[in-house]
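**Q** Here is my input, please return the structure:
(2 chains)
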Amino acid sequence: MGEATWLNWLLWLPALGMVAVTLLPRGRDSLVRSVTFSCMVLQFFIAAILYQRFDGTVAGLQFATDVPWIRDWGVGYRIGLDGLNVLLVSLTAFLGPLVVAGAWSAVHKDVKLFHVMVLFIQFAMLGTFLAQDLFLFYVFWEAMLIPMFLIIGLWGGERRIYATLKFVLYTAFGSILMLAALIYLVLYTHGSSGYMTFDLRHLSGSQLPLNTQLWLLSAFALSFAIKVPMFPLHTWLPDAHVEAPTGGSVILAGVLLKMGTYGFMKLGFPLFPEAARAMMPVIMTLAVISIVYGACLALVQSDIKKIIAYSSISHLGYVMLGLASLDLIGIQGAILQMVSHGLVAGGLFLMVGMIYERTHSRAVADYGGLAKMLPVFSVFFTILTLASIGLPTTSGFAGEFMALLGAFNAAWPAHLAGNDLPLILAVIAVSGVVLGALYMLWLAQRILFGEARAPHAPLTDLNARETAILVAIVAAIFAIGLFPGEPLAKTELAAREFQQLVAGETIHLGSTR
Amino acid sequence: MNLLTVIVLLPLAGFLLNGLLGRRLGRTFVSVVGCGLPVLAFLATVKAVLLLQAAGPDAALLEVAYRWASFGAQGFDVAFYFDRLTAVMTLIITGVGSLIHVYSTGYMKDDPSYARYFAYLNLFLFFMLTLVLGRSLLVCFVGWEGVGLASYLLIGFWFEDPAKAAAGKKAFITNRVGDAGFLLGLFLLYWALGTVNMDEINAAFAAPVAPAVSASLVGVLLFIGATGKSAQIPLHVWLPDAMAGPTPVSALIHAATMVTAGVYLVARLHGIYEHAPEASQVVAVIGVLTAFFAATIALVQTDIKKVLAYSTVSQLGLMFLALGVGAYGVAVFHVYTHAFFKACLFLGAGSVIHALGGEQDIRKMGGLWRKIPVTFFTFAIATAAIAGIPPLAGFFSKDEILWFALASEHGGSPILWVLGSATSLMTSFYMFRLLWLTFLTPSRMSHDTEHHVHESPLSMTGVLIVLAVLSAIGGFFELPHFLEPLLPMPAVLESLEHYEHTFVFVAVAVALLGLAAATFMYRRGLARGEALAARFPRLHRVLGGKYYIDELFEAVLYRPLHWISDRVFLGLGDRLLIDGSLHGLAALTRRASGRLSRVQTGQLQWYVAMAVVGVVGCLVWVWRHG
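**A** Sure thing, here's the model as predicted:
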């Protein structure tokens, strides 16, 4: 098999799985689960092989496929791995089996449809990351909406209809603007170069007039900022998380939110570099507001899922800050932080699901002293809490530290040149380090320590399946925290290209002096 | 052989073994692993010290474990660095650490979470060794945060008690505030120098061409980190609460080692502070104020551990005073003597608490010297040592601190000396007050308690004896001289050159005065002290209330933060403005589009179909007009 075939297998395996699961006879729930799980495990192994064989020293796409699809429009089925998506594809493939395993005993209604939808969204997410064609990207981007809509709407909590509508309307609103902008971009390129193409390699670094770039980037940015989500477009997230079933929350926090940050990195900034430079102060400001605002709101929530949801807003603020720094370390930190957040928030949502299965409550006030009652659960919850706080040796630290360092590397030269905004923002961003400890430790203190109590006590501690899921996540968290050099070596070249493309030559780069 | 890496990893192995297997394999296994690996680390350190000594006075051992992350040509290494300063710190950590592990086998004997305790204690050693052995500020920061974690876990060790869990959280978060300063300093140094290796930072500031960054700014930022870890004003509030942890933990983490990390950091980066007179002044002033005010609070405390806790804060303040006047080696000297006598005092207090079945109030003690003589004698020696009675260890280090506070050319001044000496006087007073009230005055115990008082087992008393001996003779080792190749002593003001001996006598007189005053007040019991408190009720209340700093933080930081988060951000921002306008928009659309709204059937097929129609429509339009 050629190398590109592997990547196609990775992408289409979940789609094949959908077909297979659909064809299974009714009522065979455990068979459905096993088939889905096997499919996910298989694609994880393929992704692992691809990750291993991905060469960080080679620029451009690897394992690429490029076949025409709609010739007249210049649309192609173009997929490939590059430094920007290789870690996110691996993360998606890693979380896939864990989502299925995590939902093993949680979903009892329409089991078949649920697993079809999980495979569907896996397919769409991998497609979005792998797409190297704007049209293809958009198709996958929109396709993600359908399974997520159904997962929240059908298996969600009491207010699921409100949550799911809010989610869909927010996202659809952003998507429509992006669609309009991308059509404009393609037509403009068509007008100036004489041929029509959706190929991303030909579209990036466009020579549009700055004013037009600003409009188009705003449209893209709005769509991506909703997905991240960045303040003030974030209010769909807490509702969606609270109402979503565990699997939905894990997919949402683990992968879906990164679509927004990835969108900025892959499309928004490289397509419109001049506009990106002009808009950086705004993006940086919103990123820092998100860090602080999300953390403050996490502080005053009484629902465990909402605390983690708001913490996601805060943590993805670091990603945007790192990207917006246009400093190599900051960009690398942003990429790492995306992966880390996927693991940590994904793991925390899985754990909330595990406890919810036992007690049917997510209210912080219902719990206390779980450390006594559920020692194994508490060990994992503590580790994930610490990773969320960004304690050194965990992945959370590596990402946050590099993103902040990058922000400072960019802020000092600006400060010396008389522009204090980046420095002020970076200093405020550091305060997120304190706030993060405040809300997460308070959560841990309230539910783990004190007098032991919980609804439906006594509870049974984690079983082997649950422990295995968490061991996998915790191992990944420490592996990245202790040896971030390994994944970063795969992304460095792409990060550098991104930096050069977007920053141009005007920005002084602290890290490359 | 990678000796330095081995030193660091030995306690980590202990953590993993005891954490994963300890509960299953039983107490003997836990004790052997928990104490054995720190002892091995100590022996490995001794070997490293011998290697270092053979290499010369200003030599250093260097080991690169691996590259953590690289960015082009630059990168961050996990590397360990061992010079005489590291050697002193590592010997203290593994030496006193091992002793306290042994003591713990007796103290924690009946605790149901014995394995967890030793796992945490080993984890602490691992991070503490990472902190002092790390060559770069980044590795140091890993240890820095890690010891905070271990401290958090151990303060809240008895987590069933919500107050203890809360004390752990408070410690962690207060430390985090300091850590933010540490990070800012680190970022600034990396930008200016392109490296965060501490030896290279010192060299860069010593170079003829000054780095493009203000030494004072960096110095102050890193000092903010130090105030968190080493409990200096205004971030000292966590340390007294940290006494909620088991007493050996208080001895190891909150007296002998972790809290001195800030002192180590400033001494290690003396190259910055030598060129930062303003930052040094800040260090000296914060140090002496902390020393003074903590000592005043210690005067009125009635919990045996709280007295020692405020005493620790105060002694740490004296160390920063020394750092601030450029006497880095003297500060480390006090770290070293303090580790012995304060560990001895805390462990002695632990022995008392153990003997009394958990009682910590000194008003309910007295007359213990007959019943627990070993504890008494060792406690008395350590008390005399901290009070500065010659020729015990504390006398030497404290005398030098006060001398340089007055006479150093690097910022010495009479005001610093007066405040420092006043602290010294109070130290002597409150420590002998403690000794009288606990051991010597007639018993105030209930008959029932008195009946059960017993001396601690050999594992505990043996450690007390070793530490008491070290507290007695430790001062004869001239540590500042040993460190001088790395940490030069500051020059002395010419006008004072010939008066050094005079001031030694003054220092001794001050210590004896404190002893005499405490004896006068407390020889017979509580009465005279209570009468004095009754004469100055307001002052007594302020001291007892610790100047109400906790309440102040609560009122100006914590509550406003909650209020703004809850009312402004959540209520006004999220609910009213953002969601409110969204809901408004939705309602408006619904009303305005009257008939059209029937399209909203709530059925999924409809929405999907509409979306498809919309997309197709757009595409057709584009195709036509493109």
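
**Q** can you tell me which residues contact the nearest residue to B:G544 once chain neighbours are set aside?
**A** Distance criterion Cβ to Cβ, 6 or more residues apart in numbering or on different chains; nearest residue to B:G544, sequence neighbours excluded, is B:V300 at 5.3 Å. In short, each C-beta sits where N, CA and C put it, glycine included. Under the criterion of Cβ atoms under 8 Å, 6 or more residues apart in numbering or on different chains, the neighbours of B:V300 are B:533, B:540, B:543-544.

**Q** how does it look with 7 Å?
**A** Contact criterion Cβ atoms under 7 Å, 6 or more residues apart in numbering or on different chains gives B:540, B:543-544 as the residues in contact with B:V300.

**Q** among the residues you listed, which one has the lowest pLDDT?
**A** For those, the least confident position by pLDDT is B:G544, scoring 83.

**Q** neighbours around that residue, how many?
**A** A count of nearby residues for B:G544, using other Cβ atoms under 10 Å in any protein chain shown, gives 14.

**Q** how far does stretch B:66-83 sit from the chain's center?
**A** Mean-position distance between stretch B:66-83 and its chain equals 26 Å (Cα atoms, centre = their mean, to the nearest Å).

**Q** what comes into contact with that stretch?
**A** Around stretch B:66-83, the neighbours that count as contacts under Cβ under 7 Å, 6+ apart are A:328-329, A:332, A:484-485, A:488, A:511-512, B:4-5, B:8, B:48, B:52, B:60-65, B:133-136, B:138-139, B:194, B:199, B:486.

**Q** what about stretch A:233-249, how long is it end to end?
**A** Chord length of stretch A:233-249, first to last residue, is 18 Å (Cα to Cα, to the nearest Å).

**Q** Any buried residues in that stretch, and which?
**A** Applying a neighbour-count criterion of 16 or more other Cβ atoms under 10 Å in any protein chain shown, the buried positions in stretch A:233-249 are A:233-249.

**Q** now do stretch A:83-97
**A** For stretch A:83-97, burial by neighbour count (16+ other Cβ under 10 Å) applies to A:83-97.

**Q** where does the chain have low pLDDT?
**A** I went with chain A, as the question did not name one. A:1, A:205-206, A:505-513 (pLDDT under 70).

**Q** please go with chain B instead
**A** Counting by pLDDT under 70, chain B has low-confidence residues at B:1, B:593-609, B:612, B:619-626.

**Q** Scan it for its longest helix.
**A** Taking residue count as the measure and DSSP state H as the definition, the longest helix of chain B comes out as helix B:162-193.

**Q** Would you check how far apart A:A468 and A:M351 are?
**A** Here the criterion is Cβ to Cβ, to the nearest Å. By it, A:A468 lies 14 Å from A:M351.

**Q** Which one's more surrounded, the two?
**A** A:M351 (24 against 13).

**Q** Between helix B:162-193 and the helix or strand encompassing that one, find me the angle.
**A** Under the criterion DSSP states H and E, the helix or strand holding A:M351 is helix A:328-359. Between helix A:328-359 and helix B:162-193, the angle comes out at 160 degrees (axes from the mean of the first three to the mean of the last three Cα atoms, to 10 degrees).

**Q** Could you pull out the buried residues of helix A:328-359?
**A** Buried residues in helix A:328-359, counted by 16+ other Cβ under 10 Å: A:328-356, A:358.

**Q** Helix or strand next in line after that helix, which one?
**A** Downstream of helix A:328-359 (by DSSP H and E), the next one is helix A:370-373.
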